[in-house]
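Enquirer: Could you work out the structure for the sequence below:
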Amino acid sequence: MEARGVHFRYGGQGPWALQGIDLRIREGEFIALVGPNGSGKSTLAEIMAGLLRPTKGDLLVDGALIKSDSGGPRHGVGLVFQNPEHQFFHATVAEDVAFGPENLGLPAHEVRQRVAQALRQVGMEGLEACSPHELSAGQKQAVAIAGILAMRPRFLILDEPTSLLDPRGRRRIFQIVKGLREAEGCAVIWITQEMEEAARAERLLVMHQGRIVRDGPPNETFQDVGFLEGIGLDLPDTLKLRERLRRDGLEEMAARLDAFLGEIRGPFP
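Expert: Residues are numbered from 1 along each chain as shown. Okay, here's the model as predicted:
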């Protein structure tokens, strides 16, 4: 997936929400996308998913231009919204998960197979007849993910998927996405305000005022504390502790903490 000089502003006028986005994402990558509120993260996600069309510039998948009237799902791009309620249109879980593949024009038997597989992948089998609106927050997020999985995306975009969840729900969503990436090999673009989550990615994109201002391994960006503070972001708590140890002259202890974090964290998912 490639963005070439993407600009966007709402209503075609006023300030730019995105300014000159150039970006290439390969299948199988795990990317964290961070930035202060209003930096353009969700707008970029909706353009990548084909829900918005760039005011200027192009978004392509395998060289094919994505337009908002054709939509990202047909090109293998799926978006899970921050609030899963925004993805529910039907009375039951099964009907909601079937919505996407039905709109791809798939035959009924294949739709049923995809619904069953997607619900199994997120651990929601047995709840097909339930109303999605009556589920817990974590279950709603799992159903929303299943609805996207049923369309077999190559690029899975999750817009702050854990922001409404408690720690247990967050761990569950982590494990679901980890299993999906291992099984399907899809790229994951994880939009988050939680820097501890971002620290687990292979690649970190930082947005500020509609631009991508950093693109690289998380550790490289987290070493530049002044840069993060300057745009209103913070270090993960664990790295704050490391920096405090270094400031206090406890370099050996800071190195041990780094080694320990590397062992328990690893790339996520």
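Enquirer: low-confidence ranges in the stretch 51-200 of the chain?
Expert: 67-74 (pLDDT under 70).
Enquirer: Which parts of it are strands?
Expert: 56-61, 64-65, 77-80, 155-159, 187-191 (DSSP state E, counting those that start in this stretch).
Enquirer: C130: which of the ones you listed is closest?
Expert: strand 77-80 (19.1 Å; Cβ to Cβ). All C-beta spots, glycine's among them, are computed from the backbone N, C-alpha and C.
Enquirer: And for A187, the neighbour number?
Expert: 21 (other Cβ atoms under 10 Å).
Enquirer: Just the terminal-to-terminal distance for stretch 104-111.
Expert: 10 Å (Cα to Cα, to the nearest Å).
Enquirer: For the closest residue in space to F88 that isn't next to it in sequence, give me its contacts.
Expert: Using Cβ to Cβ, 6 or more residues apart in numbering and skipping residues adjacent in sequence, the residue nearest F88 is P132, 4.7 Å away. Contacts here follow Cβ atoms under 8 Å, 6 or more residues apart in numbering; on that basis P132 touches P84, F88, H90, T92, V93, D96, K140, V143.
Enquirer: Throw the strands of the stretch 51-200 of the chain into TSV and include distance to E128, thanks.
Expert: As requested, the strands of the stretch 51-200 of the chain are arranged in TSV below (distance: least, Cβ to Cβ, whole Å):
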stretch	distance to E128
strand 56-61	31
strand 64-65	34
strand 77-80	19
strand 155-159	22
strand 187-191	26
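Enquirer: R24: which of the ones you listed is closest?
Expert: R24 sits nearest to strand 56-61 of all these, at 9.7 Å, using Cβ to Cβ.
Enquirer: So which residues make contact with the closest one?
Expert: So strand 56-61 is in contact with 1-8, 20-21, 47-48, 50, 65-66, 72, 75-77, 154-155, going by Cβ under 8 Å, 6+ apart.
Enquirer: State the helix or strand in which L241 lies.
Expert: helix 237-247 (DSSP states H and E).
Enquirer: In PDB, list the C-alpha atoms belonging to that helix.
Expert: Taking C-alpha atoms only, helix 237-247 is exported to PDB below (Å, rounded to 0.1, in the frame of the first residue of the first chain):
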ATOM      1  CA  ASP A 237       6.300   4.500  31.500                       C
ATOM      2  CA  THR A 238       9.000   1.800  31.400                       C
ATOM      3  CA  LEU A 239      11.200   4.000  29.300                       C
ATOM      4  CA  LYS A 240      10.600   6.900  31.700                       C
ATOM      5  CA  LEU A 241      12.000   4.700  34.400                       C
ATOM      6  CA  ARG A 242      15.000   3.900  32.300                       C
ATOM      7  CA  GLU A 243      15.700   7.700  31.700                       C
ATOM      8  CA  ARG A 244      15.300   8.400  35.400                       C
ATOM      9  CA  LEU A 245      17.900   5.700  36.200                       C
ATOM     10  CA  ARG A 246      20.300   7.200  33.700                       C
ATOM     11  CA  ARG A 247      19.800  10.700  35.000                       C
END
